[in-house]
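**Student:** Take a look and give me a structure for this.
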Amino acid sequence: MVGLFLIHLFSCFWYLTAKLDDFNDDTWVVRRDLVYDDTFFVYFESIYWCVQVLTTVGYGDFGAATTAEYIMNLIWMLVGVGYYQIFFGQIVSVITAHATNASMLENKLKSLEDFCKETKLYEQDEELQSQIRQFLINNYLELNAKIDEEALLAELPLVLKEEVLYR
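**Tutor:** Model (predicted):
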């Protein structure tokens, strides 16, 4: 939603760059012969410019010629870089969190396997080992999402700890 708002906003700014230059011959509106065109079509052309700069496609059919247009291009490119950085950073965070959770589960399952070998539980009760394994797999996120209350209380100052314990 923020992306759509930014595209709309910079499309309007892109048009404003030409308007503030009084639509002189170097502005994009005049170069593309849009001075007397329908407002919607000019807005559509502005959005086209915004999307092509934001996506770094840059077909070459639509560029800057005036100083104001160059400045607007530069600002929009920097906004686009920041937007992509945040967007892909969020994706990487989700993937990393998932990989970390999967790795932790894998370590628990390996520990279970080692424990079962060491105690010979596998030889004695294969079904029990299977049930424990399935429980860990099915409930892993819920088990790890719980807050360690003791660790949390240990970090609190004595006054706050007493207040929490007496409630």
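**Student:** Point me to the helix or strand that includes L34.
**Tutor:** In the assignment (DSSP states H and E), L34 maps to no helix and no strand.
**Student:** if I pick it, what's in contact with it?
**Tutor:** The contact partners of L34, taken as Cβ atoms under 8 Å, 6 or more residues apart in numbering, are F41, V42, E45. All C-beta atoms are positioned from the backbone trio N, CA, C, and that covers glycine.
**Student:** In helices only, show me those.
**Tutor:** Among those, the residues falling in helices (DSSP state H) are F41, V42, E45.
**Student:** Nearest to D22 among the residues you listed?
**Tutor:** Here the nearest of these to D22, counting by Cβ to Cβ, is V42; it sits at 15.6 Å.
**Student:** Could you tell me the per-residue confidence at that closest one?
**Tutor:** We have a pLDDT of 93 for V42.
**Student:** quick one: it and V30 touch, right?
**Tutor:** No - in this structure V42 lies outside contact range of V30 using Cβ atoms under 8 Å: 11.6 Å.
**Student:** higher neighbour count, the two?
**Tutor:** Neighbours of V42 and V30, each counted by other Cβ atoms under 10 Å, are more numerous for V42; the result is 20 against 15.
**Student:** Kindly provide the distance from the more buried one to V53.
**Tutor:** 17 Å (Cβ to Cβ, to the nearest Å).
**Student:** Check which helices and strands the helix or strand where Q134 lies is in contact with.
**Tutor:** Using DSSP H and E, Q134 sits in helix 126-145. In terms of contacts (3 or more Cβ pairs under 8 Å, 6 or more residues apart in numbering; DSSP states H and E), helix 126-145 is packed against helix 67-119, helix 121-124.
**Student:** at 6 Å instead, please
**Tutor:** helix 67-119 (3 or more Cβ pairs under 6 Å, 6 or more residues apart in numbering; DSSP states H and E).
**Student:** what packs against the helix it packs on?
**Tutor:** Checking 3+ Cβ pairs under 6 Å, 6+ apart, helix 67-119 ends up next to helix 2-20, helix 126-145.
**Student:** List the buried residues for the longest one?
**Tutor:** The one in question is helix 126-145. Q129, I132, Y140 (16 or more other Cβ atoms under 10 Å).
**Student:** residues in contact with it?
**Tutor:** Contacts with helix 126-145, where a contact means Cβ atoms under 6 Å, 6 or more residues apart in numbering, come from L105, K108, C116, L121, Y122.
**Student:** Not counting its neighbours along the chain, what's nearest the second one?
**Tutor:** Across the structure, with Cβ to Cβ, 6 or more residues apart in numbering as the measure, the residue nearest K108 apart from its sequence neighbours is L136 (5.6 Å).
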